[in-house]
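Enquirer: Fold the stuff below for me.
(one chain, ligands or ions: 1)
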Amino acid sequence: MTRVALAGLGYWGPNLARNFDELADLGWLCDASPDALERFAARYPRAQTTTDFDELLADGELDAVVVATPAATHYELAKRALEAGKHVLVEKPPAMNAGEAEDLVATAESAGRVLMPGHLLLYHPAVQKLKALIDAGELGDVLCVYSNRQNLGRIRTDENALWSLGVHDLSVILYLLDEEPSEVWAHGNSFLTPGVEDVVFCYLRFPSGKIAHMHLSWLDPHKMRKLTVVGKEKMVVFDDMELERKVTIYEKAPWQPTETYGEWQTRTGDISSPKIPSDEPLRLECRHFLSLVTGEGDATRVAQDGLAVVRVLEQLQASLVAAPA
Ligand SMILES: NC(=O)c1ccc[n+]([C@@H]2O[C@H](COP(=O)([O-])OP(=O)(O)OC[C@H]3O[C@@H](n4cnc5c(N)ncnc54)[C@H](O)[C@@H]3O)[C@@H](O)[C@H]2O)c1
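Expert: Below is the predicted model:
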């Protein structure tokens, strides 16, 4: 059984602890805070606890390290773990700039170890459904994609809405469209914490001509977790706030009847909701990581996809900083 260590027991880490305790041998819990360790030591009595990351890296029986500490620490911890010969699942984003993300990918490659960023939404069965619809040509040519990730809170002061929220939508948009944008811009403003943008609007144009938009904000009256894909034949919406109808397919499209000599008309047909499995995306993500560790699947692709997300985030960030507020 794969022996796993988890670093970071704040808000998100406990979800990873629960899953890896059930799916693997959770051998170590690490947090800089002794209080956090004490809280979880009782729940996972078989796991050793430490505030010292080097102590778990020294465990020769340890196969993999899961990093769920604040984003600014990801690069350093992931790099040290890879250099110690461990496979790494690192929470998103794996690094705060493309240079560091490239370095992680190269380190993983030369060590022959898995580097998987925790892009949770890629494991959401609804996103898998969208991908299947697009790849099967059900929607016709995809024209544009836009996402809404808004709420009032959780207000972060260490990373902006682009890096904290946008990383999710960006990972999905790049996955669905299977290309990297040739042009990006982002506009936003820091209303609460200087230098930390709370509201960000992003635009992306792809070499194929497809376009995408992301609205990212923790200063908003609506809680929205929505992604809309507009195809030339059908349109589809993934709404993660819906309990049952996570995916809705609209048979709505423009068309040009021959008798109207090139004039556009629209047609509206059925609206349907396919059944989406209710599997926990994080459970699927953890399973995927464990299967990569045992040599199944394409570990290189997973690491490269994570790098692409950081590369585009970095370009959007440069545009955000350069844009007039
Ligand atoms: N995939 C998702 O949906 C999702 C959701 C929430 C958070 N996250 C990600 O998870 C990561 C953690 O977020 P969070 O909200 O849990 O943060 P948090 O601040 O609540 O928790 C971070 C924990 O890491 C510990 N820590 C800090 N530096 C450390 C170090 N060097 N070594 C060991 N422990 C250290 C802190 O003591 C704290 O307990 C972030 O990267 C965040 O983006 C992902």
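
Enquirer: The lengthiest helix in the chain: which residues count as buried?
Expert: Criterion DSSP state H: the longest helix present in the chain is helix 299-322. For helix 299-322, a neighbour-count test (16 or more other CB atoms under 10 Å) marks 299, 302-303, 305-317, 319-320 as buried. C-betas here are computed from N, CA, C, even on glycine.

Enquirer: ditto for stretch 226-235
Expert: Residues Lys226, Leu227, Thr228, Val229, Val230, Gly231, Lys234, Met235 are the ones in stretch 226-235 that count as buried (16+ other CB under 10 Å).

Enquirer: go on, stretch 278-287?
Expert: So for stretch 278-287, counting by 16+ other CB under 10 Å, buried means Pro281, Leu282, Leu284, Glu285, Cys286.

Enquirer: then it to CSV, C-alphas only?
Expert: Coordinates of each C-alpha in stretch 278-287 appear next as CSV, following Å, rounded to 0.1, in the frame of the first residue of the first chain:
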residue,chain,number,x,y,z
SER,A,278,-22.3,11.8,-7.3
ASP,A,279,-18.8,10.6,-6.7
GLU,A,280,-16.7,13.0,-4.5
PRO,A,281,-14.3,14.8,-6.9
LEU,A,282,-11.6,14.9,-4.2
ARG,A,283,-11.9,11.1,-3.8
LEU,A,284,-11.4,10.7,-7.6
GLU,A,285,-8.5,13.1,-7.5
CYS,A,286,-6.7,11.2,-4.7
ARG,A,287,-7.4,7.9,-6.5
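
Enquirer: Residues of this structure that sit close to the ligand?
Expert: In this structure, the chain approaches the ligand at residues 7-13, 30-33, 36, 53, 68-71, 73, 91-92, 118, 120, judged by CB under 6 Å from any ligand atom.

Enquirer: Read off the pLDDT value for Thr258.
Expert: Listed pLDDT for Thr258 reads 81.

Enquirer: Tell me which stretches of the stretch 101-250 of the chain form strands.
Expert: Secondary structure of the stretch 101-250 of the chain (DSSP state E, counting those that start in this stretch): strands at 115-118, 142-152, 183-189, 199-205, 211-217, 219-231, 235-239, 247-255.

Enquirer: between those strands, which gets nearest to Arg267?
Expert: strand 247-255 (5.7 Å; CB to CB).

Enquirer: name the helices or strands packed onto whichever helix or strand comes after the closest one?
Expert: Using DSSP states H and E, the helix or strand that follows strand 247-255 in sequence is strand 265-272. With contacts taken as 3 or more CB pairs under 8 Å, 6 or more residues apart in numbering; DSSP states H and E, strand 265-272 sits against strand 247-255.

Enquirer: in the strand it packs on, what's buried?
Expert: Val247, Thr248, Ile249, Tyr250, Lys252, Ala253.

Enquirer: Stretch 93-111 now?
Expert: 93-96, 98, 100-101, 103-105, 107-108, 111.

Enquirer: ok, now stretch 203-213?
Expert: Tyr203, Leu204, Phe206, Lys210, Ile211, Ala212, His213.

Enquirer: What of stretch 169-184?
Expert: The neighbour-count check on stretch 169-184 (16+ other CB under 10 Å) flags Asp169, Leu170, Ser171, Val172, Ile173, Leu174, Tyr175, Leu176, Leu177, Pro181, Val184 as buried.

Enquirer: Tell me the pLDDT of the second one.
Expert: By that I understand Leu170. 98.

Enquirer: Which residue is it, in the stretch 201-325 of the chain, that comes closest to the ligand?
Expert: Of all residues in the stretch 201-325 of the chain, Leu282 sits closest to the ligand, at 7.4 Å by CB to the nearest ligand atom.

Enquirer: Was I right to think that residue contacts Pro14?
Expert: No. The pair Leu282 / Pro14 is not scored as a contact, 11.1 Å apart, by CB atoms under 8 Å.

Enquirer: Where does pLDDT dip in the stretch 201-325 of the chain?
Expert: 324-325 (pLDDT under 70).

Enquirer: can you do 90?
Expert: 255-263, 321-325 (pLDDT under 90).

Enquirer: For the stretch 151-300 of the chain, give the residue positioned nearest to the ligand.
Expert: Using CB to the nearest ligand atom, Ser164 is the residue of the stretch 151-300 of the chain that sits closest to the ligand, at 6.1 Å.

Enquirer: And the residue of the stretch 1-150 of the chain that's closest to the ligand?
Expert: For the stretch 1-150 of the chain, CB to the nearest ligand atom, closest residue to the ligand: Gly10, 1.7 Å.

Enquirer: So what's the residue count around that residue?
Expert: 13 (other CB atoms under 10 Å).

Enquirer: from what I can see Glu102 touches Gly306, true?
Expert: No. The criterion here is CB under 8 Å, and Glu102 misses it with Gly306 at 10.7 Å.

Enquirer: quick one on the thing from earlier: is it possible to export the buried residues of stretch 169-184 to JSON lines including distance to Asn148?
Expert: Conversion of the buried residues of stretch 169-184 to JSON lines gives the following (distance: CB to CB, whole Å):
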{"residue": "Asp169", "distance to Asn148": "9"}
{"residue": "Leu170", "distance to Asn148": "14"}
{"residue": "Ser171", "distance to Asn148": "16"}
{"residue": "Val172", "distance to Asn148": "13"}
{"residue": "Ile173", "distance to Asn148": "13"}
{"residue": "Leu174", "distance to Asn148": "18"}
{"residue": "Tyr175", "distance to Asn148": "18"}
{"residue": "Leu176", "distance to Asn148": "16"}
{"residue": "Leu177", "distance to Asn148": "18"}
{"residue": "Pro181", "distance to Asn148": "19"}
{"residue": "Val184", "distance to Asn148": "18"}
